[in-house]
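# show me the folded form of this:
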Amino acid sequence: MSTLVLTHESFLAHDTGPHHPESPGRLRSIMKALDQSALSGLRREEAPKATAEQIARAHPGTYVEDVLAAMPTEGFGYLDADTIVSPGSAEAMLRAAGAIVRAVDAVAGKEVDNAFCAVRPPGHHAESRRPMGFCLVNNAAVGAFHARAVHGHKRVAVIDFDVHHGNGTQEMFWHDADAFYASTHQFPFYPGTGSRAERGAHRNVVNVPLAAGDRGEVFRAGVSDEILPALAVFKPDFIVISAGFDAHRDDPLGQLRLTETDFAWATAGIMDAARTLCGGRVVSVLEGGYNLGALADCVTAHVETLKDH
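Numbers count the residues shown, from 1 in each chain. Now for the predicted structure:
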């Protein structure tokens with residue numbers, strides 16, 4: 001299979017300060033891992049900048065210009081207590097969204113089978129009108145809505161296995177009958193959303209909350225027994241993976257006990273579903289993951305599965 005990896009050196013210039021977990025070192029560890037020989041067959045491209053119009057499908061009004069106006073010319077700016085920006089953050093934000101737009105174009109146009117966007121800042125906490133939780137633009141939602149608007153893939157789905165619930169994606173999809181959001185995540189936990197009772201206005205949301213300490217067998221049961229059957233009922237035309245790896249047992253920001261083999265298993269299951277439901281159209285975008293060694297191992301397992309499964 002042909003797998004495209006999109007990234008850009010500007011992601012290293014998004015400086016969040018010396019002690020912030022969402023650091024440039026995350027991307028360095030990922031790209032070092034993806035340079036190993038087992039993944040030499042990957043197609044690679046630099047991420048372009050998204051346009052304001054492309055981002056506005058997820059973030060309407062003056063959102064983009066308001067966030068850009070908040071960028072400092074030196075030092076750091078704080079969009080909330082956790083969401084720190086620097087002079088390099090503007091380009092990183094635009095190219096993170098642009099990466100998934102280009103990935104969707106490549107998969108929809110049958111240039112490649114699937115794609116992984118190695119980007120930062122992450123996106124799934126960004127709501128339609130509010131950046132939060134390290135996230136500036138909701139990259140997954142930008143990609144899903146691009147697939148719909150430009151390529152005619154009306155029914156779009158996002159599957160999220162970050163340790164934190166993607167409140168932003170859920171908020172954007174809540175009233176959209178042709179958008180499906182499913183998430184496994186630790187609960188109760190930041191950002192406070194993601195209970196099983198949250199189902200969307202059209203029963204188009206599936207939350208599988210996991211308790212602190214849960215291991216791979218509980219995660220796998222949630223995916224196989226709840227998420228994949230609901231996805232099959234929804235019948236998406238395009239699938240986006242919000243690929244967060246902070247549910248790993250070594251991650252400092254969560255208390256789940258997953259391993260890289262669990263993420264590879266979930267990736268394979270989503271790919272199998274995509275082949276049946278939507279011609280294999282899958283694009284993945286990086287979300288969390290803050291232990292650098294575990295993150296590198298998880299992304300390697302995830303991308304190897306995209307490439308070889």
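
# packing partners for the top strand by length along the chain?
For the chain, the strand reaching the highest residue count under DSSP state E is reported as strand 179-186. Secondary-structure packing of strand 179-186 (3 or more Cβ pairs under 8 Å, 6 or more residues apart in numbering; DSSP states H and E): strand 156-160, helix 167-173, strand 205-210, helix 228-234. (C-beta placed from N, C-alpha, C; glycine too.)

# pLDDT on the second one, on average?
To tie it back to what came earlier, the one meant is helix 167-173. Mean pLDDT, helix 167-173: 98.

# any buried residues in that helix, and which?
By 16 or more other Cβ atoms under 10 Å, the buried positions in helix 167-173 come out as 167-173.

# and the strands in the chain?
3-7, 43-46, 77-78, 84-85, 114-117, 156-160, 179-186, 205-210, 238-243, 282-286.

# ok, which of these comes nearest residue 17?
Residue 17 lies closest to strand 84-85 among the strands of the chain, at 5.7 Å (Cβ to Cβ).

# name the strands paired with that closest one and say parallel or antiparallel.
When sheet partners are counted by DSSP bridges, strand 84-85 sits next to strand 77-78 (antiparallel).

# hmm, who's touching the strand it pairs with?
With contact meaning Cβ atoms under 8 Å, 6 or more residues apart in numbering, strand 77-78 is reached by 70-71, 84-86.

# across the sheet, point out what pairs with the residue lying closest to residue 43 once chain neighbours are set aside.
Residue nearest to residue 43 in three dimensions, not counting chain neighbours: residue 4, with 4.7 Å by Cβ to Cβ, 6 or more residues apart in numbering. Under DSSP bridges, the beta-bridge partners of residue 4 are residue 43, residue 115.

# now stretch 224-244: how far from the chain's centre is it?
Centroid displacement of stretch 224-244 relative to its chain, using Cα atoms, centre = their mean, to the nearest Å, is 14 Å.

# flag every buried residue along that stretch.
In stretch 224-244, counting by 16+ other Cβ under 10 Å, buried: 226-228, 230-231, 234, 236-244.
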